[in-house]
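>>> Sequence and predicted structure, then a few things I'm wondering about:
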Amino acid sequence: MHLQFLRSHAWQVSLGRFIVLLATALVVGLPLHVAMYTVLAALLGYSLWSLVSLYQMQAWLRSRRWRPPPEDRGVWSDISTHVYTRLHAERSRKRRLINLLRAFREAAAALPDGVVVLTKGRSILWFNEAAVRLLGLSAPRDRRAHIDPFLPPLAKAWITQEPASEPLREVTSPCSESVRLSFRLIPYSAEHMLLVVRDVTPLARLEQVRRDFVANVSHELRTPLTVLHGYLEMIEPDVTPELAPILADLRGQSRRMTQIVEDLLTLSRLEAQQQPAQDRVPMRVLLNSLRREAEGLSQGRHTINLVRTCEADLRGSTDYLHSAFSNLVSNAVRYTPEGGRIEISWQATADGGARFAVADTGYGIPAEHLPRITERFYRVSTSRSRETGGTGLGLSIVKHVLQLHEARLGIDSEVGIGSTFSAVFDHERLLAPQTTPEDT
């Protein structure tokens, strides 16, 4: 209302001035019989005054000094005041945005992680001090440069994936062989991406210390456990019948501890190995071997079927893959009640890959346990695992073997119905079958 009143008042002032100017021209011109000339002179003077006011407004708008508009209380003054108010509000908003942008930029520059802003074509727009230290970038030389020359080889292959949603972990820094980096690519608009580089050297060292500790302890435990197990086997229960139950328990626990040590050593070897062997794994032979193992463990208590609709072999390590698949088969036998069914399958997938699966009609796994089922020593039911002789390391071994072979572990389970554990291999891992006699 106040602004509308000011605008109405400005028009009244300007209109009043115009009317007074015309009236004065008529009063002066009528007695002299030159009214037309005086009115024209008045209009000309008013036009010149308007041009002067317009020039003053233009000079004020172009002025680099921030000052209030000239006061007139007419229409020109109202226009100048309106423009001044808008410019003042825009200037305040721009100042707030600049301060906010500066604060964000200072915060990003202070981050311990390297931050690089990239275009869709992977050109560098901005980077912080941590990126200079971790990737060897230099400002302003490397702005607008392509990011690929500053990345290690593994990161170059990773960043070209579409999309590179999974982080890249533990890659050697291009600046130092002793520094380990992890990379994460975050698209935040249609044309820009954020590359976050983190120094994980302390974590990598701690992980190496953990692996060395587990490997060393497991190796040191193997000898005394072998000696204990040997002495326990030498003691005949018939000599001391009263100790027979105790000897049976000791032998069982000794075998279980030996198996735990062997599994821990297997995990240590898997973690230390970067690439699996590139041998041919004959799936026909391997599947028949797994079926015989399942039948031996089951002792006729289950119905065991083998389904093979894929003729392809695998490229990788026969020992590691046999260990992983054997773990899945033995778990199915251990956790399926007597009279249940177990199906071992090797089938082609729709995308040209292949899928190894072990399905059972066992107890099933509650959904809340599935995210942690592959953790070391994690058990859904501790008592049931100990009764069946499980170490809690089998699925962890399976996960590491599949990661080494670039495969994916799938778990589908429903309580009271059964479980299906599957290993899905991409077509790059498949090999055309060789003509060999059937292994029966």
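Yep, that arrived. Owing to the predicted nature of the structure, the values given are computational and were not obtained by experimental measurement. Residues are numbered from 1 along each chain as shown.

>>> domain assignment for the protein?
2-104, 111-199, 206-272, 279-431 (automatic domain parsing).

>>> Reformat those domains as JSON lines; add mean pLDDT and mean neighbour count.
Just so you know, the C-beta spots here come from the backbone N, C-alpha and C atoms, and that holds for glycine as well. Listed next are these as JSON lines, based on pLDDT from 0 to 100; neighbours: other CB atoms under 10 Å:
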{"stretch": "domain 2-104", "mean pLDDT": "72", "mean neighbour count": "13"}
{"stretch": "domain 111-199", "mean pLDDT": "82", "mean neighbour count": "16"}
{"stretch": "domain 206-272", "mean pLDDT": "74", "mean neighbour count": "14"}
{"stretch": "domain 279-431", "mean pLDDT": "84", "mean neighbour count": "17"}
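
>>> where do the strands sit along the stretch 301-440 of the chain?
303-308, 313-316, 341-348, 354-360, 408-414, 418-425, 430-431 (DSSP state E, counting those that start in this stretch).

>>> Was I right to think residue 264 contacts residue 214?
Yes: using CB atoms under 8 Å, residue 264 is in contact with residue 214, at 5.6 Å.

>>> got any residues that touch both of those two?
Residues touching both residue 264 and residue 214 (CB atoms under 8 Å, 6 or more residues apart in numbering): none.

>>> outside of stretch 101-121, which residues touch it?
With CB under 8 Å, 6+ apart as the criterion, stretch 101-121 contacts 124-135, 137, 146-147, 190-199.

>>> Out of those, list just those in strands.
124-127, 192-199 (DSSP state E).

>>> Would you check which pair of these lies furthest apart?
192 and 199 (23.9 Å; CB to CB).

>>> Residue 156 and residue 344: what is the separation?
Distance, residue 156 to residue 344, using CB to CB, to the nearest Å: 40 Å.

>>> all helices for the protein, in order.
Here the chain has its helices, by DSSP state H, at 2-29, 35-62, 75-110, 129-135, 153-159, 201-234, 244-272, 283-298, 318-334, 382-388, 394-404.

>>> mind listing what residue 173 touches?
Contacts for residue 173 (CB under 8 Å, 6+ apart) come out as 134-135, 152, 179-181, 199.

>>> repeat that for 6 Å
Applying CB atoms under 6 Å, 6 or more residues apart in numbering to residue 173 gives the contacts 179, 181.

>>> Dihedrals phi and psi, it?
phi -70, psi 140 (degrees, to the nearest 10).

>>> repeat for residue 375
Torsion angles at residue 375 (phi, psi; degrees, to the nearest 10) stand at phi -70, psi 150.

>>> That one - nearest residue in space that isn't next to it in sequence?
Nearest residue to residue 375, sequence neighbours excluded (CB to CB, 6 or more residues apart in numbering): residue 396, at 6.7 Å.

>>> Wait, that neighbour touches residue 373, no?
No: look at residue 396 against residue 373 with CB atoms under 6 Å: they stay out of range, at 9.4 Å.

>>> how much space between the residue nearest to residue 375 and residue 296?
Between residue 396 and residue 296 the computed distance is 24 Å (CB to CB).

>>> distance between stretch 184-196 and the chain's centre?
12 Å (CA atoms, centre = their mean, to the nearest Å).

>>> Give me the distance between the two termini of it.
Length of stretch 184-196, first residue to last, CA to CA, to the nearest Å: 5 Å.

>>> now swap in stretch 171-185 and tell me
With CA to CA, one end of stretch 171-185 sits 15 Å from the other.

>>> Check stretch 141-152 too.
Terminal residues of stretch 141-152 lie 20 Å apart, using CA to CA.

>>> Can you name the residues in contact with it?
Contacts of stretch 141-152 (CB under 6 Å, 6+ apart): 118, 122-124, 135, 156, 171-172, 174.

>>> quick one: the residue nearest the centre of the chain from residue 184, how far?
Taking CA atoms, centre = their mean, the centroid of the chain lies closest to residue 166, which sits 4.3 Å from it. From residue 166 across to residue 184, the span is 9 Å (CB to CB).

>>> Which residues are in contact with the nearest residue to residue 215 once chain neighbours are set aside?
Using CB to CB, 6+ apart and skipping residues adjacent in sequence, the residue nearest residue 215 is residue 268, 3.9 Å away. Applying CB under 6 Å, 6+ apart to residue 268 gives the contacts 211, 214-215.

>>> So residue 268 versus residue 219, what's the distance?
Separation of residue 268 from residue 219 (CB to CB): 9 Å.

>>> I'd say residue 427 and residue 353 touch.
Yes: contact criterion CB under 6 Å: residue 427 and residue 353 qualify, at 5.0 Å.

>>> so residue 430 bridges to which residues?
When bridges are called by DSSP bridges, residue 430 pairs up with residue 314.

>>> wait, it sits on residue 310?
No: in this structure, residue 430 is not within contact of residue 310 by CB under 6 Å, at 8.3 Å.

>>> For those two, list the residues in contact with both.
Common neighbours of residue 430 and residue 310, using CB under 6 Å, 6+ apart, are residue 354.

>>> Determine which two of the contacts of stretch 141-152 are furthest apart.
Farthest pair in the contacts of stretch 141-152, by CB to CB: 123 and 172, 24.3 Å.

>>> Dump the ones in strands among the contacts of stretch 101-121 to JSON lines, plus distance to residue 338.
Shown next, in JSON lines, are these (distance: CB to CB, whole Å):
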{"residue": "124", "distance to residue 338": "65"}
{"residue": "125", "distance to residue 338": "66"}
{"residue": "126", "distance to residue 338": "66"}
{"residue": "127", "distance to residue 338": "64"}
{"residue": "192", "distance to residue 338": "61"}
{"residue": "193", "distance to residue 338": "56"}
{"residue": "194", "distance to residue 338": "57"}
{"residue": "195", "distance to residue 338": "56"}
{"residue": "196", "distance to residue 338": "53"}
{"residue": "197", "distance to residue 338": "55"}
{"residue": "198", "distance to residue 338": "52"}
{"residue": "199", "distance to residue 338": "55"}
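
>>> can you pull the contacts of residue 343?
Residue 343 sits next to 305, 359 when contact means CB under 6 Å, 6+ apart.

>>> just to revisit the earlier point, of the contacts of stretch 141-152, just say which sits nearest to residue 34.
For the contacts of stretch 141-152, with residue 34 as the reference and CB to CB as the criterion, the closest is residue 123, at 75.6 Å.

>>> Which residues are in contact with that closest one?
Residue 123 touches 144, 146, counting by CB under 6 Å, 6+ apart.

>>> so it bridges to which residues?
Here residue 123 sits in beta bridges with residue 146, going by DSSP bridges.

>>> Could you measure from it over to residue 214?
45 Å.

>>> what do you get for residue 263?
11 Å.

>>> Not counting its neighbours along the chain, what's nearest residue 301?
In space, residue 301 is closest to residue 338, 4.4 Å off (CB to CB, 6+ apart).
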